[in-house]
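In: following is a predicted model, sequence given first.
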Amino acid sequence: MSKNHDAINSPEWYTKGGIEAIDYINAKELNFNIGNVIKYVTRAGIKHENRLEDLKKAQFYLAYEIERITKNENSEKKNESGDWAI
């Protein structure tokens, strides 16, 4: 980490490679969960040495988003069959 980095407005662990993670997330209009996946994968092994911790955080948000989508799809299928979704 360089001495002159801005850890608040433009942290180097999110800007490595020429694009800031938040700019990519906003450009793709990603939701909170998927945005966090991008954020944690982007900084893995750069912000701190524990790359596995960041990858597990990314995995958590990805699993959470998959579960959310699955629940929504199941609710929509119930609605299409005439049943009320809970």
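Out: Happy to help now that I have it.
In: helices along the chain, start to end?
Out: Using DSSP state H, the helices of the chain run over 12-15, 21-27, 32-43, 51-80.
In: can I get those in a markdown table including mean pLDDT?
Out: Compiled in a markdown table, these are given as follows (pLDDT from 0 to 100):
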| stretch | mean pLDDT |
| --- | --- |
| helix 12-15 | 70 |
| helix 21-27 | 93 |
| helix 32-43 | 96 |
| helix 51-80 | 92 |
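In: for residue 6, which of the ones you listed is the nearest?
Out: Of all the helices of the chain, it is helix 12-15 that lies closest to residue 6, at 8.4 Å by CB to CB. Where C-beta positions appear, they are placed from N, C-alpha and C, glycine not excepted.
In: residue 25: what's it in contact with?
Out: 34, 35, 38, 39 (CB atoms under 8 Å, 6 or more residues apart in numbering).
In: may I have stretch 40-56 as PDB, with CA atoms only?
Out: What follows is stretch 40-56, C-alpha atoms only, in PDB (Å, rounded to 0.1, in the frame of the first residue of the first chain):
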ATOM      1  CA  TYR A  40     -14.800  -8.700  -2.300                       C
ATOM      2  CA  VAL A  41     -13.400 -10.500  -5.300                       C
ATOM      3  CA  THR A  42     -11.700  -7.300  -6.600                       C
ATOM      4  CA  ARG A  43      -9.900  -6.600  -3.300                       C
ATOM      5  CA  ALA A  44      -9.100 -10.300  -2.400                       C
ATOM      6  CA  GLY A  45      -5.400 -10.400  -1.400                       C
ATOM      7  CA  ILE A  46      -4.900  -6.700  -2.000                       C
ATOM      8  CA  LYS A  47      -6.500  -4.900   1.000                       C
ATOM      9  CA  HIS A  48      -5.000  -7.400   3.400                       C
ATOM     10  CA  GLU A  49      -3.100 -10.700   3.100                       C
ATOM     11  CA  ASN A  50      -6.100 -12.900   3.900                       C
ATOM     12  CA  ARG A  51      -7.400 -13.500   0.400                       C
ATOM     13  CA  LEU A  52      -9.500 -16.500   1.500                       C
ATOM     14  CA  GLU A  53     -11.500 -14.200   3.900                       C
ATOM     15  CA  ASP A  54     -12.600 -11.900   1.100                       C
ATOM     16  CA  LEU A  55     -13.400 -14.800  -1.200                       C
ATOM     17  CA  LYS A  56     -15.600 -16.300   1.500                       C
END
